[in-house]
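Enquirer: Build me a model from this:
(one chain, ligands or ions: 1)
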Amino acid sequence: MDHFRPVRGVLHAEGVSLERLAARVGTPTYVYSEATLRRHYRVVDQAFGGAPHLVCYSVKASGNLALLASLARWGSGFDVVSGGELARVLAAGGDPGRTVFAGVGKTEAEMAFALRTGIGMFNVESAEELEALDRVGRRLRRRAPFAIRVNPGVDAGTHRHISTGLPTSKFGVPFEEARRLYTRARRMRGLRARGVDCHIGSQLTRLGPLAAALRQVAGLYRVLRAEGHPLEWLDVGGGLGIRYRDEEPPSPDRWAATVRAATRDTEATVLVEPGRVLVGNAGVLLTRVLYRKRAGGRTLVVVDAGMNDLLRPALYGAEHAIVPVRARRGRSRVVDVVGPVCESTDVLGRDRRLVLPEAGELLAIRGAGAYGMSMASTYNGRPRPAEVLVSGKRARVVRRRERVEDLWRGEAAGR
Ligand SMILES: *Cc1c(COP(=O)(O)O)cnc(C)c1O
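Expert: Presented below is the predicted three-dimensional model:
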């Protein structure tokens, strides 16, 4: 469910016409609907009912301060993968005590920063990282709360670039090793075991692999508790898929039921780290048509957004729905929607049925709220898009469009 709807033939974000908005702030622009984000947050949170749980929004999906501030206000915790993301959470008023820190390559400087803020938990991904965290803890005379991220060795059945639970993945450690690490950590004075963690991948559209992984992870949690480790948090990761075109992902209710069933007899507080399912369909990328042309028997529509603005189609063949902002009558035809970047992979949509738009018309690339702006770059000397947060009839620019001078800030042309 989202709040992007046509009103008298013009696509609106809640009460705001995307045509008017584009005239005001230009294109390309990311537009988020706060009501949609709030609804998704509530649905996920309420799916766990009275069971002890904490929703930790995955900041890497989309990290604008305005989105983080709203989520923090509604009670969300956060999942970060760098010191930079943690700094964002703090800047937005998020609670570091309800924040977990994941990632295979945390530096000791990032660990020290996070520990000083009072981070809820470090999700540790290797034996050497655990030793580094212990050093940092001892240096700061604190015990760093940690979980070992377990790699359950399951195939999440999602795209290979976003699967993280395969035995060959760089993420996490195998079960046997995880158990040894908890035992070793007991003698390390800079550490305090707080939880067990796993995350098997993103854009999950089947629950079987998750259920299989969580049964094992919950088993490990119980064994460790029985051995006297003072665990409280069982972090099951994120990854619930969304509908981009015709996928049929499980509902948040079914996903939560799977998690609850697998973790029921652990007495743990269950942490979930959703990113895409909260923000993916709460955002669109608004773009304007520049030109039409024919090439090799195909019709190309050249737009002013490219792979530097929205990388997912080029990075993993993602298919986003692309719709005209103002509905047009006429015969539809099959076109490729392409960006201006000098790369053959800069195709935002291939083989799309559209009434051929004219130069100047607006298109909305749907489902662009997650891994859109957060992956944007300035490749080809292109300033990154503006971001707008809509709430009812109000549209607020929450990140101004980058200026070209911003692109060489910090560079030195001197001889
Ligand atoms: C990316 C990531 C998530 C969020 O994944 P979504 O598919 O966006 O829900 C959660 N946890 C970890 C550790 C991640 O790296």
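Enquirer: In stretch 399-409, which residues are buried?
Expert: The neighbour-count check on stretch 399-409 (16 or more other Cβ atoms under 10 Å) flags 399, 401-402 as buried. No exception for glycine: its C-beta is placed from N, CA and C like everyone else's.
Enquirer: Secondary structure for the residues you listed - can I get that in TSV?
Expert: Shown next, in TSV, are the buried residues of stretch 399-409 (DSSP: H, G, I helix; E, B strand; the rest coil):
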residue	secondary structure
399	strand
401	coil
402	coil
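Enquirer: Could I get those in TSV, plus columns for distance to the ligand and pLDDT?
Expert: Below are those laid out as TSV (distance: Cβ to the nearest ligand atom, whole Å; pLDDT from 0 to 100):
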residue	distance to the ligand	pLDDT
399	20	98
401	26	98
402	24	98
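Enquirer: from these, which single one is nearest residue 146?
Expert: residue 399 (33.6 Å; Cβ to Cβ).
Enquirer: Now the closest one. Nearest residue, chain neighbours left out?
Expert: Excluding the flanking residues, the one nearest residue 399 by Cβ to Cβ, 6 or more residues apart in numbering is residue 387, at 4.0 Å.
Enquirer: Who are the contact partners of the residue in the stretch 51-200 of the chain that the ligand sits nearest to?
Expert: The minimum distance from the stretch 51-200 of the chain to the ligand, using Cβ to the nearest ligand atom, falls at residue 58 (3.4 Å). Listed by Cβ atoms under 8 Å, 6 or more residues apart in numbering, the contact partners of residue 58 are 78-79, 238, 273-276.
Enquirer: what about stretch 65-78 and the ligand, any contact?
Expert: No: applying Cβ under 6 Å from any ligand atom, one finds stretch 65-78 separated from the ligand by no less than 10.5 Å.
Enquirer: Repeat that for stretch 371-378.
Expert: No: applying Cβ under 6 Å from any ligand atom, one finds stretch 371-378 separated from the ligand by no less than 7.3 Å.
Enquirer: How far does that stretch sit from its chain's centre?
Expert: Averaged C-alpha coordinates place stretch 371-378 at 11 Å from its chain's average position (Cα atoms, centre = their mean, to the nearest Å).
Enquirer: Restricting to C-alpha, output that stretch in CSV.
Expert: The C-alpha coordinates for stretch 371-378 follow below in CSV (Å, rounded to 0.1, in the frame of the first residue of the first chain):
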residue,chain,number,x,y,z
TYR,A,371,18.8,1.8,-2.5
GLY,A,372,18.1,4.8,-4.7
MET,A,373,19.6,8.0,-3.3
SER,A,374,21.8,6.0,-1.0
MET,A,375,23.6,4.5,-3.9
ALA,A,376,23.7,7.7,-6.0
SER,A,377,27.0,9.0,-7.3
THR,A,378,28.3,11.9,-9.2
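Enquirer: give the contact list for residue 231.
Expert: Counting by Cβ under 8 Å, 6+ apart, residue 231 makes contact with 193-196, 221, 224-225, 268.
Enquirer: Can you classify it by secondary structure?
Expert: Under the three-state scheme (three-state DSSP), residue 231 adopts coil.
Enquirer: gap between it and residue 41?
Expert: As judged by Cβ to Cβ, to the nearest Å, residue 231 and residue 41 stand 26 Å apart.
Enquirer: What is the neighbour count of the residue nearest to the residue of the stretch 51-200 of the chain closest to the ligand when sequence neighbours are not counted?
Expert: What sits nearest to residue 58 in space, not counting adjacent residues and going by Cβ to Cβ, 6+ apart, is residue 275, at 3.2 Å. Residues near residue 275, counting by other Cβ atoms under 10 Å, number 23.
Enquirer: Would you indicate which residues of the helix or strand where residue 87 lies are buried?
Expert: Assigning secondary structure by DSSP states H and E places residue 87 in helix 83-91. By 16+ other Cβ under 10 Å, the buried positions in helix 83-91 come out as 83, 85-86, 88-89.
Enquirer: Check the residues you listed against residue 171 and report the nearest one.
Expert: Distance to residue 171, by Cβ to Cβ, is smallest for residue 85 among those, at 16.8 Å.
Enquirer: returning to what we had before: okay, the residue nearest to residue 58: pLDDT?
Expert: Note on residue 275: pLDDT of 98.
Enquirer: ok, which stretches of the stretch 251-400 of the chain are helices?
Expert: 252-263, 276-279, 312-316 (DSSP state H, counting those that start in this stretch).
Enquirer: ok, the lengthiest strand in the chain near the ligand or not?
Expert: As assigned by DSSP state E, the longest strand anywhere in the chain is strand 283-295. No: Strand 283-295 does not reach the ligand (Cβ under 6 Å from any ligand atom); its nearest approach is 12.9 Å.
Enquirer: what packs against that strand?
Expert: helix 18-25, strand 29-33, strand 298-303, strand 362-365 (3 or more Cβ pairs under 8 Å, 6 or more residues apart in numbering; DSSP states H and E).
Enquirer: Run the angle between the third one and strand 283-295 for me.
Expert: In this case it means strand 298-303. Following axes from the mean of the first three to the mean of the last three Cα atoms, to 10 degrees, one obtains 140 degrees for the angle between strand 298-303 and strand 283-295.
Enquirer: neighbouring contacts of strand 298-303?
Expert: Outside strand 298-303, the residues that touch it by Cβ under 8 Å, 6+ apart are 287-294, 333-340, 348, 354, 356-357, 363.
Enquirer: Could you do the longest one as well?
Expert: Contacts of helix 18-25 with the rest of the structure, by Cβ under 8 Å, 6+ apart, involve 10-13, 29, 31, 284, 286, 288, 325-326, 362, 364, 386, 388, 390, 395, 397, 401.
Enquirer: dump the residue contacts of the residue nearest to residue 58.
Expert: By Cβ under 8 Å, 6+ apart, residue 275 lies in contact with 57-62, 79, 202, 238, 370-371.
Enquirer: thought residue 101 was touching residue 125?
Expert: No: using Cβ atoms under 8 Å, residue 101 is not in contact with residue 125, being 10.8 Å away.
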